[in-house]
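Peer 1: only geometry, no sequence info:
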């Protein structure tokens, strides 16, 4: 990790060095599959907490999730466990949208097959969504997300954990004229991990099929194939497991 003078932070090493004062979570009461989802779940827990700074989630809120990879699908799931019923999922893969429905999306839109995804969102939400989460690393998606949001709505951007370049939008029409509130989300805090564990247990108790996010399993000797599968974006969460 940044600032460390050793290389025993975990990852694919045989050992991990825990610094003095470090925090260790005992998750032995959770299945291996649930444990694998704790870290990405912490990402979405943090995003929800940031979104709460600008938006008051209600049962009748209309929320849009753009990008149905592991982060977007976990985010969708936690919003469903909060009691929000009107959730719209947007992605370009039918298989991901199918899982989004199983996890609680009321409506799904395949932006590749749609003639006009913006018009589709407007029809489903009447005037645009109340809250939108941008969960892709696509600059084109980051430029489009504004169009889905109603006047006075809110946006949480959490899709760019790396620099993928510039995104285009019109500040007049997309922000000022619509008076949209915007917040960014970056990774997580230690307390988010505690909440992530409780969220995963709650989702499992409600019989939401979050374990389906683990789409492929590889032994350690096939780590290169696992990385290739991950980069191909054909799966969801890839496990390297001996």
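Peer 2: Right, received. Where do you want to start? Here the structure is a predicted model, which means the values were calculated and not measured.
Peer 1: Following element in sequence after the lengthiest helix in the chain, please.
Peer 2: For the chain, the helix with the greatest residue count under DSSP state H is helix 190-205. Next helix or strand after helix 190-205 toward the C-terminus (DSSP states H and E): strand 214-218.
Peer 1: where along this protein do the strands fall?
Peer 2: 62-66, 86-91, 107-110, 129-134, 149-157, 181-184, 214-218, 237-240 (DSSP state E).
Peer 1: possible to save these as JSON lines with mean neighbour count and distance to residue 18?
Peer 2: For glycine as for every other residue, the C-beta is placed from the backbone atoms N, C-alpha and C. Converted to JSON lines, these look like this (neighbours: other C-beta atoms under 10 Å; distance: least, C-beta to C-beta, whole Å):
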{"stretch": "strand 62-66", "mean neighbour count": "27", "distance to residue 18": "35"}
{"stretch": "strand 86-91", "mean neighbour count": "25", "distance to residue 18": "38"}
{"stretch": "strand 107-110", "mean neighbour count": "20", "distance to residue 18": "42"}
{"stretch": "strand 129-134", "mean neighbour count": "26", "distance to residue 18": "33"}
{"stretch": "strand 149-157", "mean neighbour count": "20", "distance to residue 18": "32"}
{"stretch": "strand 181-184", "mean neighbour count": "15", "distance to residue 18": "30"}
{"stretch": "strand 214-218", "mean neighbour count": "16", "distance to residue 18": "26"}
{"stretch": "strand 237-240", "mean neighbour count": "18", "distance to residue 18": "22"}
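Peer 1: How are the helices of this structure distributed by residue range?
Peer 2: Under DSSP H, the chain gives helices at 32-36, 38-51, 70-81, 94-102, 117-125, 139-144, 190-205, 223-232.
Peer 1: coming back round to it: show me what counts as buried in the longest helix of the chain.
Peer 2: For helix 190-205, the neighbour count (16 or more other C-beta atoms under 10 Å) marks 192-193, 195-197, 199-200, 203-204 as buried.
Peer 1: Low-confidence ranges, the chain, go.
Peer 2: Along the chain, segments meeting pLDDT under 70 span 1-4, 6-7, 9-11.
Peer 1: how does it look with 80?
Peer 2: 1-17, 19, 242 (pLDDT under 80).
Peer 1: Can you name the residues that contact the closest residue to residue 235 other than its chain neighbours?
Peer 2: Leaving aside its chain neighbours, residue 235 sits nearest to residue 215 (3.7 Å; criterion: C-beta to C-beta, 6 or more residues apart in numbering). For residue 215, the contact set (C-beta atoms under 8 Å, 6 or more residues apart in numbering) comprises 235-238.
Peer 1: at 10 Å what do you get?
Peer 2: Contacts here follow C-beta atoms under 10 Å, 6 or more residues apart in numbering; on that basis residue 215 touches 70, 95, 99, 229, 234-239.
Peer 1: Residue 108 now?
Peer 2: Residue 108 sits next to 65, 68, 87-91, 94, 96-101, 120, 124 when contact means C-beta under 10 Å, 6+ apart.
Peer 1: next one: stretch 63-83 to chain centre, how far?
Peer 2: Centre-to-centre, stretch 63-83 and its host chain are 6 Å apart (C-alpha atoms, centre = their mean, to the nearest Å).
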